[in-house]
Every structure is written in structure tokens, then in C-alpha cells.
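Asks: Whatever this is, show me its structure:
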Amino acid sequence: MSNAQPTTPPEDVLTPGGQRLAQRYGRLQDLVDLCARAAEAGDWVTLSDHSGELSVAADEVSAAAAFVTTEAMPTSPHFMLTAAARLREADRP
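Replies: Prediction:
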């Protein structure tokens with residue numbers, strides 16, 4: 001018996017709600033990173049802009065997580081987080 005994770009891409013095993021949650025969560029993480037960089041640089045205008053977007057993104061994560069709780073099939077945290085990380089990487093130049 002192996003402890004290896006399945007090789008199926010996480011996007012293929014996530015429910016529609018799980019996919020949405022992964023997308024929203026990835027965006028939330030991106031905005032947290034942008035806010036941190038703006039604060040470190042003392043760029044208060046950029047911090048203000050991104051923190052406003054962060055507030056909206058947090059609401060979107062909350063709504064996506066609430067939707068996941070209504071789906072018949074459970075969402076794997078491992079697959080959701082892996083999908084979110086892959087989506088973030090795909091969005092980077």
C-alpha cells in the first residue's frame with residue numbers, strides 16, 4: 001500500500017464549487033502578497049487599492065466556501081490547495 005498522492009490533476013477531481021474555491025483562494029493569496037509588498041515598500045496608494053480588492057476577494061472566498069458545503073461530493077483540501085497553487089503559477093508571466 002502506497003502513500004503516494006493520486007496523479008490525477010486536482011482540477012479533474014474537484015467539484016465545480018471546489019474549482020471555484022481554488023480560483024478565489026488563489027486570487028486572495030495573490031492580493032495578500034501584493035499588499036505585503038506594498039506595505040514593505042511604503043507604497044500606501046497601492047496598499048489602499050489592493051486592500052480594497054482584498055476585501056472583495058475575501059467575500060468571494062467566503063461565498064465559494066459556503067457553496068462547497070452544499071455540494072453532495074466533499075472537496076478535498078489537498079486537491080483544492082494544489083489547484084489554487086497551480087492556477088497562481090499559470091497566471092504568472
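
Asks: contacting residues for the closest residue in space to residue 39 that isn't next to it in sequence?
Replies: Distance criterion Cβ to Cβ, 6 or more residues apart in numbering; nearest residue to residue 39, sequence neighbours excluded, is residue 47 at 5.5 Å. Where C-beta positions appear, they are placed from N, C-alpha and C, glycine not excepted. Residues in contact with residue 47 (Cβ atoms under 8 Å, 6 or more residues apart in numbering) are 35, 38-39.

Asks: redo that, cut-off 10 Å
Replies: By Cβ atoms under 10 Å, 6 or more residues apart in numbering, residue 47 lies in contact with 34-41, 54.

Asks: Just send those residues back as CSV, with secondary structure too.
Replies: Shown next, in CSV, are the contacts of residue 47 (DSSP: H, G, I helix; E, B strand; the rest coil):
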residue, secondary structure
34, helix
35, helix
36, helix
37, helix
38, helix
39, helix
40, helix
41, helix
54, helix
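
Asks: Tell me which two in those residues are the farthest apart.
Replies: Looking at those by Cβ to Cβ, the two members farthest from one another are 41 and 54, with 16.5 Å of separation.

Asks: Neighbour count for those two, which is higher?
Replies: residue 54 (18 against 10; other Cβ atoms under 10 Å).
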